[in-house]
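J.: sequence-free structure coming up:
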C-alpha cells in the first residue's frame with residue numbers, strides 16, 4: 001500500500017455532546033466517503049467531563065485515530081468551550097495531548113448538524129416545501145429542542161463552511177396583537193424575551209401556560225397529572241397530535257406558526273436559496289402539525305419578499321445522528337487537509 005493509499009483510508013472520532021446524552025462514534029473515511037463503524041451513547045451527567053467519556057469509549061473500541069471533532073452545545077472560543085447544560089469545560093488542546101490525536105476540533109453542535117445536510121439521503125429528509133434549490137446556495141438550519149439552535153452554511157472553493165450563530169437568543173418580535181400578549185406575558189416573568197423563549201421545548205410549555213391563564217380553557221385532571229409526572233412539552237405535543245385536548249392543540253398551533261415565522265426570518269437573513277432545514281428533536285415528532293397550513297403561511301408571510309421565500313425549499317431532518325455525522329465529516333476534512 002502506498003502513502004497515498006494510506007492517506008485515502010483513515011479513521012476519525014466524532015462526538016455529539018448534549019446535556020442529557022453524549023454520543024461518540026468511529027467512522028472510516030475511504031476515498032473521501034464516510035462509513036460508520038461503531039456508535040456508543042453515554043449519560044452525560046454521570047461523567048465529570050468529556051475526557052472521561054472518551055477514555056471509556058476507547059477502552060472498548062481501540063483505534064488508530066487520525067482526527068477528532070466534537071459538536072457541543074454553545075459557542076466555541078479559542079479552542080475551548082464551557083458547556084451550556086453541563087458543568088464541563090472542554091479544551092481541544094487538552095484532549096489532543098491526553099489521547100495523542102493528531103488533530104482535534106471543537107465546533108457548535110448545530111454547526112455540526114448543518115455540516116451533515118449535504119450527506120443526507122432523500123429518505124432522511126421530510127419535505128414541507130419543494131421549492132427550487134440553487135446550486136452552492138446558502139443553507140440555513142433552525143433546530144428547536146431544549147433550546148433553539150440556528151446555523152448557516154456557505155461554500156468556499158467547493159467545500160462547505162458551517163457558521164454557528166446564537167440567533168436563538170435574539171429578540172422575539174410579535175407579529176400580531178395575540179403574539180404581543182404572549183410577549184407581555186413572558187416579559188413580566190423574564191425581562192428579555194428571546195426567540196428561544198417561545199420556539200423550543202420550554203417555549204411550547206410557556207405558550208401553553210399563557211393560553212391557560214389568558215383564555216377560558218379548563219385543564220382536565222388527566223392532563224394535570226401527566227404534566228406533573230412527565231415532560232410537559234412532550235405531553236402537550238402528544239395530546240395535541242391525538243386531538244385529546246383543545247388547549248394543547250391551540251398551544252401547538254401557536255408554536256408551529258411561531259416556528260414558521262422564525263424559519264422565514266432565517267431564510268431572509270441568510271438568503272438560504274440552498275434550502276432551509278429543520279433539525280433538533282422537536283420537528284420530526286410533530287410532522288403532522290408542520291404539514292398543516294400554519295407553518296408555511298408564517299414562513300412566507302414576509303411582505304414584499306413573500307414570492308422569494310416561497311421558492312426556498314424547506315425540509316425536516318429525520319436522521320437523529322446528523323450532528324454526529326457532521327462532526328465526523330469535519331474531522332475527515334481536517335485529516336485530508338493536514339500535512340502528510
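T.: Noted; the coordinates are in hand. Since the structure is predicted, the reported quantities are computational estimates derived from the model, not experimental observations.
J.: what about the helices in the stretch 101-250 of the chain?
T.: In the stretch 101-250 of the chain, the helices defined using DSSP state H, counting those that start in this stretch lie at 109-116, 177-190, 201-214, 221-229, 232-241, 246-270.
J.: now the ones you listed as a markdown table including distance to residue 124, mean pLDDT and mean neighbour count?
T.: All C-beta atoms are positioned from the backbone trio N, CA, C, and that covers glycine. Listed next are the helices of the stretch 101-250 of the chain as a markdown table, based on distance: least, CB to CB, whole Å; pLDDT from 0 to 100; neighbours: other CB atoms under 10 Å:
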| stretch | distance to residue 124 | mean pLDDT | mean neighbour count |
| --- | --- | --- | --- |
| helix 109-116 | 9 | 94 | 28 |
| helix 177-190 | 33 | 96 | 15 |
| helix 201-214 | 22 | 96 | 20 |
| helix 221-229 | 31 | 96 | 12 |
| helix 232-241 | 22 | 97 | 21 |
| helix 246-270 | 19 | 97 | 22 |
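J.: Minimum distance to residue 161: which of those helices has it?
T.: Nearest of the helices of the stretch 101-250 of the chain to residue 161, taken as CB to CB: helix 109-116 at 9.1 Å.
J.: Return the distance of that closest one from the chain's centre.
T.: With CA atoms, centre = their mean, to the nearest Å as the basis, helix 109-116 stands 7 Å off its chain's centre.
J.: circling back to that earlier point, quick one, which of the helices of the stretch 101-250 of the chain is nearest to residue 76?
T.: Evaluated over those, closeness to residue 76 peaks at helix 109-116, with 8.7 Å, by CB to CB.
J.: Which strands and helices lie in contact with that closest one?
T.: Applying 3 or more CB pairs under 8 Å, 6 or more residues apart in numbering; DSSP states H and E, we find helix 109-116 packed against strand 9-17, strand 65-72, strand 139-144, strand 148-156, strand 159-165, helix 322-337.
J.: change it to 7 Å
T.: Judged by 3 or more CB pairs under 7 Å, 6 or more residues apart in numbering; DSSP states H and E, helix 109-116 is in contact with strand 65-72, strand 139-144, strand 148-156, strand 159-165, helix 322-337.
J.: now the angle between helix 109-116 and the fourth one, please.
T.: It stands for strand 159-165. On the basis of axes from the mean of the first three to the mean of the last three CA atoms, to 10 degrees, strand 159-165 is oriented at 150 degrees to helix 109-116.
J.: Tell me the buried residues in strand 159-165?
T.: Residues of strand 159-165 classed as buried: 160, 162, 164, 165 (neighbour count, 16 or more other CB atoms under 10 Å).
J.: Need those in CSV (columns: pLDDT).
T.: Below are the buried residues of strand 159-165 laid out as CSV (pLDDT from 0 to 100):
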residue, pLDDT
160, 84
162, 91
164, 87
165, 90
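J.: just to revisit the earlier point, distance to residue 57 added to the helices of the stretch 101-250 of the chain, as TSV?
T.: Shown next, in TSV, are the helices of the stretch 101-250 of the chain (distance: least, CB to CB, whole Å):
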stretch	distance to residue 57
helix 109-116	17
helix 177-190	38
helix 201-214	28
helix 221-229	34
helix 232-241	29
helix 246-270	34
